[in-house]
Structure formats: C-alpha cells, structure tokens
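Peer 1: Here's my sequence, what's the structure:
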Amino acid sequence: MIINKKTVMKSWLSICYILLFIDDVSLQKTVEGFVGSSAVLSCHYNKKLQDLTAHWRYNDIKNVYDIQEGRGSAREQHQEYTGRVQAFSHEFVKGNFSLKIENLRLTDAGTYCCYIIDTNYQECTDLSVKVKPRETRTKSEEKSERMNHGVDIKADEIVALLIPLLSMIIPLCI
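Peer 2: The predicted structure is shown next:
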C-alpha cells in the first residue's frame with residue numbers, strides 16, 4: 001500500500017486543527033455517591049492564572065460555592081450546602097477548583113457546573129445519589145469505599161486527563 005505524503009500531511013493538519021479547539025470545551029462527567037457519604041466534583045483548569053474567579057452552581061440555579069480572586073467564599077451560598085461543602089484552597093494556584101460535598105442527600109442529585117470567569121471554560125458533573133443497599137459488605141469492600149469516599153468516577157474522567165497531554169502535542173503540529 002502506497003501512502004501519499006500529501007494525504008498524511010493533510011491528516012496531521014486536520015488532527016492539529018481539532019486539538020487546538022479542545023482546550024476550552026465543556027467537560028461532562030458523572031459521579032455516583034451514597035446518602036450520607038461524600039462526593040468530589042472535579043474542576044481542573046490547565047492554564048495558570050493569578051487570582052482566578054470560579055463559581056460552582058447546581059442546575060444553574062443554586063449557588064454552591066464561589067472562588068473569588070483565588071479565595072474560597074461561602075458568603076452567598078445556598079443554605080442547603082451550608083457546612084457541607086469543602087474546597088481545596090491550597091490547590092487553587094495549580095488550577096484545581098474541585099469541590100467536596102459531604103453528607104450527601106438524595107436532593108443533591110443533579111448537574112453541578114464549575115464556571116471559570118474571564119475564560120470560556122466550564123466543567124460540569126452529573127451527581128447521582130443513591131441509598132446504600134443493606135447488604136453484607138466484606139472488609140475489603142468497606143476499605144475501598146472509605147478510600148473512594150463512596151464515589152465512583154466514570155470513564156469520562158479520562159477525557160479530563162487527556163486534555164493536558166493533547167495540549168503538549170499541539171506545538172508539535174504547528
């Protein structure tokens with residue numbers, strides 16, 4: 001089989017063109033948790049910006065948590081989340097704006113979006129909350145659940161990990 005150099009070059013250029021636009025897409029993933037446990041909703045922005053402002057919203061209605069100029073704020077937080085939400089403030093400088101919701105309730109199920117202001121970036125997570133089945137658990141299952149904080153992250157999470165890798169490939173394409 002003979003491969004034309006021009007065809008190969010066009011293919012590479014097409015891939016590079018697509019990769020250039022992956023950086024500011026909206027990522028959607030699913031996280032599952034159980035009533036009474038906790039869930040971590042991830043939000044990672046791969047560009048370092050000083051004093052970044054981000055907002056976490058539930059179904060685009062309720063204010064879950066704000067990060068204003070690099071500092072966490074629960075000042076305008078909806079009362080349903082009072083005392084149950086935790087951010088990792090030491091990670092903000094690394095572009096990690098993930099949020100932990102503790103003591104999950106069935107009413108917490110829904111879509112949570114992290115909006116990073118002054119960029120076109122948002123990262124959304126569908127949170128599914130279930131009642132823990134009353135079955136006998138082995139000690140290894142209990143240990144595994146404690147390590148995961150009762151959260152199962154779907155394969156879509158891999159997409160979030162691939163974006164930084166793909167952003168390193170882009171300069172090779174230019």
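Peer 1: Specify the next element, helix or strand, located C-terminal of the least confident helix or strand in the chain by mean pLDDT.
Peer 2: Of the helices and strands making up the chain, the lowest-confidence element is helix 5-20, at a mean of 43, by mean pLDDT, DSSP states H and E. With elements assigned by DSSP states H and E, the helix or strand that comes after helix 5-20 is strand 27-34.
Peer 1: Could I get the buried residue list for that following strand?
Peer 2: For strand 27-34, the neighbour count (16 or more other Cβ atoms under 10 Å) marks 27, 29, 31-34 as buried. Where you see a C-beta, it was placed from the backbone N, CA and C, and this is true even at glycine.
Peer 1: Sheet-wise, list the partners of it with their directions.
Peer 2: strand 121-130 (parallel), strand 152-153 (antiparallel) (DSSP bridges).
Peer 1: Test my guess that I67 contacts V85.
Peer 2: No: I67 is beyond contact range of V85, at 11.6 Å (criterion: Cβ atoms under 8 Å).
Peer 1: Compare those two and say which one has the larger neighbour count.
Peer 2: I67 (23 against 19; other Cβ atoms under 10 Å).
Peer 1: who touches the more buried one in this structure?
Peer 2: 52-55, 73, 87, 92, 97 (Cβ atoms under 8 Å, 6 or more residues apart in numbering).
Peer 1: Show only the entries of the residues you listed found in strands.
Peer 2: 54-55, 73, 87 (DSSP state E).
Peer 1: who wins for neighbours among these?
Peer 2: Most crowded among the ones in strands among the contacts of I67, counting by other Cβ under 10 Å, is A54 at 26 neighbours.
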